[in-house]
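S.K.: have a look; sequence and predicted model below, questions after that.
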Amino acid sequence: MIQQQSEETKDIIVIGAGVIGLSTAITIQERGGYRVTIVAETFPTDPKTIRYTSHWAGAHHVSGAYGNLEMDKETFEIMWKDSEPDGPAHGCFFRHSNTQFRSDGVDPTEWLSHMPGFRPISNDELVPGATHGWNFTTLTLYPPVYLNWLLGRFLTNGGKTVRAQLQHISQAMYGGISGLPQKPDAIVACVGLGARFLGGIEDKEVYPVRGQTVILKAPWVRYGRTLTYEDGSHFYLMPRVTGDVLVGGIRVANDWFPVPREEDRDYLLAGGLAMCPELAPPAIRAERTPTIDDLRPLIVDEGCGLRPGRKSGIRLAMEWLDVGPQNKIPVVYNYGHSGMGFQSSWGSASIALNLLEEALGCEKPGKAREYEIWPADYTGRRDHVC
């Protein structure tokens, strides 16, 4: 439904059209009283590119060992409702059983016990290399379809999009880009890895965490698994609504390489097969022990993405920036989610909305606000980066 607008309607510009930007724009828009415009270089309708990370995501909902669990819980509750058989986006999701295997001594009960059907598994259910395991029900998204559904929802509600490559955040403030409001009331920066380079932000704490995945046509595998070894290496497989299975486990900080590497592909196939021999076709498994060569004919796609890591964790903050001699505008920041963008998207958007309304409710510009989320050692062994 298109939101009703009045003379009191405030113009908000959201920079970025990844999952964080889209979710935040919709959250602000559906609050009411706001006219929202998204400005971005790339949109979900565009071909896949290394400059747009959200297309390359897995993406399942499995929380990791970091602080603000409520953000993930809120997101899961919304996605669980949307994924119901009569939900508005059920075709974007696949609900399935998921087992987390570990041999690193970490117990995920604290951040996974809220998941449906959560339980520790017996030793008989462990895969080779695992010392403990936990089973629960979760969901996997199909990012290309989900992102376009978000964009369609935003546009149907009266949202506007502008394609532009901003060089400085001030270009969105001063009315310098055709199609943007000339005097916006606030800016919301959901710029991902772009926060490192966008003038006016240039956050040097932001860095890439490169990931690579292989997608197999294996419709006989309808469950998910993750396995974290004692040395911190980590593999995961995610079944999709399409019948495909995504296999991943690459996470390398400050690696900007933009295309899949052959050696990484073989590493993923070997790790995936060790964790789940059932990836191989049933006919082959009936005759002999499968090898990664048996998986190669099943490959339907592969890719890599640059997760937007940040040394201090997600930046959810607000500050006032000058737009004139005696005029300031609030800017809300919502970026640095690394591999947790999808699973924290709606909860993160709620916090961004609160920061926005807090700023707009001030009679005059006040102090900057920083919302501390969680310490983010993305290359450490306790995180879960997919």
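M.R.: Okay, I see it.

S.K.: any idea how far the top helix by length along the chain is from the chain center?
M.R.: Ranked by residue count under DSSP state H, the longest helix found in the chain is helix 341-360. Relative to the mean C-alpha coordinate of its chain, helix 341-360 is positioned 14 Å out (CA atoms, centre = their mean, to the nearest Å).

S.K.: that one packs against which elements?
M.R.: Under the contact criterion of 3 or more CB pairs under 8 Å, 6 or more residues apart in numbering; DSSP states H and E, helix 341-360 touches helix 19-31, helix 69-82, strand 186-189, strand 315-324, strand 327-335, strand 369-371. C-beta here means a position set from N, CA and C on the backbone, and glycine is covered the same way.

S.K.: so can I have a markdown table of those showing mean pLDDT?
M.R.: Formatted as a markdown table, the helices and strands packed on helix 341-360 follow (pLDDT from 0 to 100):
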| stretch | mean pLDDT |
| --- | --- |
| helix 19-31 | 98 |
| helix 69-82 | 95 |
| strand 186-189 | 98 |
| strand 315-324 | 90 |
| strand 327-335 | 95 |
| strand 369-371 | 69 |
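
S.K.: which one of these lies nearest to Ser170?
M.R.: In terms of CB to CB, the element of these nearest to Ser170 is strand 315-324, at 7.8 Å.

S.K.: all helices of this protein, in order?
M.R.: Going by DSSP H, the chain shows helices at 19-31, 69-82, 109-112, 143-156, 170-173, 262-275, 282-287, 341-360.

S.K.: ok, and for the third one, which residues are buried?
M.R.: The one in question is helix 109-112. For helix 109-112, a neighbour-count test (16 or more other CB atoms under 10 Å) marks 111-112 as buried.

S.K.: that one - contacts with which helices or strands?
M.R.: Using 3+ CB pairs under 8 Å, 6+ apart: helix 109-112 touches strand 132-141.

S.K.: the strand it packs on - contacts with which helices or strands?
M.R.: Secondary-structure packing of strand 132-141 (3+ CB pairs under 8 Å, 6+ apart): helix 69-82, strand 93-102, helix 109-112, strand 119-120.

S.K.: just want the most central residue of the protein.
M.R.: Gly341 (2.2 Å; CA atoms, centre = their mean).

S.K.: hang on, Ile284 packs against Ile292?
M.R.: No: contact criterion CB atoms under 8 Å: Ile284 and Ile292 do not qualify, at 12.0 Å.

S.K.: compare these two (neighbour count), which wins?
M.R.: Neighbour count, other CB atoms under 10 Å: between Ile284 and Ile292, Ile292 has more, with 18 against 14.
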